[in-house]
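1. Take a look and give me a structure for this.
(chains A and B)
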Number of protein chains: 2
Amino acid sequence: MNSLYGGITVEGFRVLEIKQSVFESNDREADRLRADLKKDKVFLLNLMSSPGSGKTTTLRRTIAALKDEFRIGVMEADIDSDVDAATIEKTGAKVIQLHTGGMCHLDAGMTRQGLEGLGVNDVDFAILENIGNLVCPAEFDTGSSKNAMILSVPEGDDKPLKYPLMFSICDVLLINKIDVLPYFDFDLEACEKYVRRLNPNMKIIPISARTGEGIDEWANWLREQIRAWNGD
Amino acid sequence: MNSLYGGITVEGFRVLEIKQSVFESNDREADRLRADLKKDKVFLLNLMSSPGSGKTTTLRRTIAALKDEFRIGVMEADIDSDVDAATIEKTGAKVIQLHTGGMCHLDAGMTRQGLEGLGVNDVDFAILENIGNLVCPAEFDTGSSKNAMILSVPEGDDKPLKYPLMFSICDVLLINKIDVLPYFDFDLEACEKYVRRLNPNMKIIPISARTGEGIDEWANWLREQIRAWNGD
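-> Next up, the predicted model:
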């Protein structure tokens, strides 16, 4: 197929048009999905951030670090376009593109549709790359095992003040693009201070998805979470 | 008052808690607001972008460039926090902080509440700094005279592919942070090509709000729009 915008030819991965969920209670549906995933020993990571903070590049690094230990499947959610799925496909990981048709977030019902489209029989580490948005995705439990977010250095250290819910509901914060710290006024200590007021137990890992700095620590954190999830 | 997160003391500007709109048709309410603003010779700019693309810094430059020609009033919309209003207040421009209480966008009714809170009797150039979000604000006509958006270099040149609606509904695109172009893989030509497919007539102005590059062209564009709005 050809994308309307980029003229990109999509081969080798499916594009799924996600439908609005019909469930009355998203929280209940999320708990149900989480229980199913736990039973099936599938760890689901919900990865959120602003547009352009480096979710896809971070995923490429993550897949490279963990693909020999886990069978990884990625759901690339986007309003439109298939550029991210095309990028992830090159890593060799299983991937599906989810189109939300204008919707600004994914809820648990939509995530389940995505997982069914991806197929998780041969996956033990599933990743949802959520819509680039610091507001709406924070309001909907996707049923994930853990929530991760990326804040990139160029966005500024004051973002926890402005998007408190997102920083409150995530288990881990990756501070990405630390290789460009010299060119921006970003105070790591100040940022961590703002985060700790909202979420004292949040794991904070500074990384550069471009240079690979910090990826080992991130991969270690993921290993621990996946093992704990599976009761290993 | 003290903010819950930053412990910031707010003095000299009002903080308005915006209520959800009750109008059946936002488009009709937006047209009504636009007609009222036209009659009152108030030009309203709706400024949108991702979190951290430099809206507030760009506004500071814009105010410095135009404050001797126009009476400027700024509405700083945020889910929470007052950091942007505090920054803008230092420029000497009239400013009000709008808190949306978790809402991811402003519609025309909410914008009218903001304008009433700001007071536009002594303002001929009003600016709404919308919520940092490339998705939801694009879906709601605020009643503005013109829509502007900022895309910053670190976010990447592929954003028009991923957030087509936002790039379609804006009259002008500021490509900000061009001072850091050497440190990022951002192809200005490719970006413009993606934009033109969605919005052939969009004005595109590369700027650096930090160094001031491009601000003259941006100020000129605004001057022309405001004069045309007032029939001068």
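2. correct me, but A:Gly54 touches A:Ile150?
-> Yes: if you go by C-beta atoms under 8 Å, A:Gly54 and A:Ile150 touch, sitting 6.0 Å apart. C-betas here are computed from N, CA, C, even on glycine.
3. For chain A, which residue occupies the most central location?
-> When C-alpha atoms, centre = their mean is applied to chain A, the residue found nearest the centroid is A:Leu47 (1.6 Å).
4. near chain B at all, the strand or helix carrying that residue?
-> Assigned by DSSP states H and E, A:Leu47 belongs to strand A:43-49. No: Strand A:43-49 stays clear of chain B (C-beta under 8 Å from any C-beta of the partner chain), getting no nearer than 9.2 Å.
5. Export only the CA atoms of that strand, formatted as PDB.
-> Coordinates of each C-alpha in strand A:43-49 appear next as PDB, following Å, rounded to 0.1, in the frame of the first residue of the first chain:
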ATOM      1  CA  PHE A  43       5.300  -8.500  29.400                       C
ATOM      2  CA  LEU A  44       3.700  -5.400  27.900                       C
ATOM      3  CA  LEU A  45       5.600  -2.100  28.000                       C
ATOM      4  CA  ASN A  46       3.600   1.100  27.300                       C
ATOM      5  CA  LEU A  47       6.100   3.700  26.000                       C
ATOM      6  CA  MET A  48       4.900   7.300  25.900                       C
ATOM      7  CA  SER A  49       6.400  10.800  25.200                       C
END
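6. What helices and strands are in contact with it?
-> helix A:26-39, helix A:55-66, helix A:108-118, strand A:125-129, strand A:146-152, helix A:215-229 (3 or more C-beta pairs under 8 Å, 6 or more residues apart in numbering or on different chains; DSSP states H and E).
7. Which of the ones you listed sits closest to A:Pro200?
-> Minimum separation from A:Pro200 across the helices and strands packed on strand A:43-49 (C-beta to C-beta) falls at strand A:146-152, 15.9 Å.
8. Please spell out which residues along the closest one are buried.
-> A:146-152 (16 or more other C-beta atoms under 10 Å in any protein chain shown).
9. Go back to those residues and keep what's next to chain B.
-> Contacts with chain B within those, as defined by C-beta under 8 Å from any C-beta: A:Ser152.
10. closest one to B:Glu192 among the helices and strands packed on strand A:43-49?
-> helix A:55-66 (22.0 Å).
11. For the closest one, output the C-alpha coordinates as CSV.
-> This file holds the C-alpha atoms of helix A:55-66, laid out as CSV (Å, rounded to 0.1, in the frame of the first residue of the first chain):
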residue,chain,number,x,y,z
LYS,A,55,10.8,6.8,21.1
THR,A,56,11.6,4.9,17.9
THR,A,57,15.3,5.3,18.1
THR,A,58,15.2,4.2,21.8
LEU,A,59,13.2,1.1,20.7
ARG,A,60,15.8,0.2,18.1
ARG,A,61,18.5,0.3,20.8
THR,A,62,16.3,-1.6,23.2
ILE,A,63,15.6,-4.3,20.6
ALA,A,64,19.3,-4.6,19.8
ALA,A,65,20.2,-5.0,23.5
LEU,A,66,17.5,-7.6,24.3
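12. Tell me the helix or strand right after that helix.
-> strand A:72-78.
13. Contacts for that next one next, please.
-> A:18, A:56, A:59, A:63, A:66, A:82, A:84-85, A:88, A:93-100, A:106, A:111, A:114-115, A:117-120, A:122-123, A:125-131, B:162 (C-beta atoms under 8 Å, 6 or more residues apart in numbering or on different chains).
14. Filter these down to the buried ones and express that as a ChimeraX selection.
-> Buried residues within these, by 16+ other C-beta under 10 Å, are selected in ChimeraX with:
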select /A:18,56,59,63,66,82,84,85,88,93,94,95,96,97,98,99,100,106,111,114,115,117,118,120,123,125,126,127,128,129,130,131 /B:162
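15. intersection of neighbour lists for A:Gly54 and A:Ile150?
-> Listed as contacting both A:Gly54 and A:Ile150 by C-beta under 8 Å, 6+ apart are A:Asn176.
16. what sits against the closest residue in space to A:Asp187 that isn't next to it in sequence?
-> Excluding its sequence neighbours, the residue lying closest to A:Asp187 (C-beta to C-beta, 6 or more residues apart in numbering or on different chains) is A:Asp157, at 4.9 Å. If you count contacts by C-beta under 8 Å, 6+ apart, A:Asp157 has them with A:186-188, A:190-191, A:194.
17. Make TSV from the residues you listed and add pLDDT to it.
-> Converted to TSV, those look like this (pLDDT from 0 to 100):
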residue	pLDDT
A:Phe186	97
A:Asp187	97
A:Leu188	97
A:Ala190	97
A:Cys191	98
A:Tyr194	97
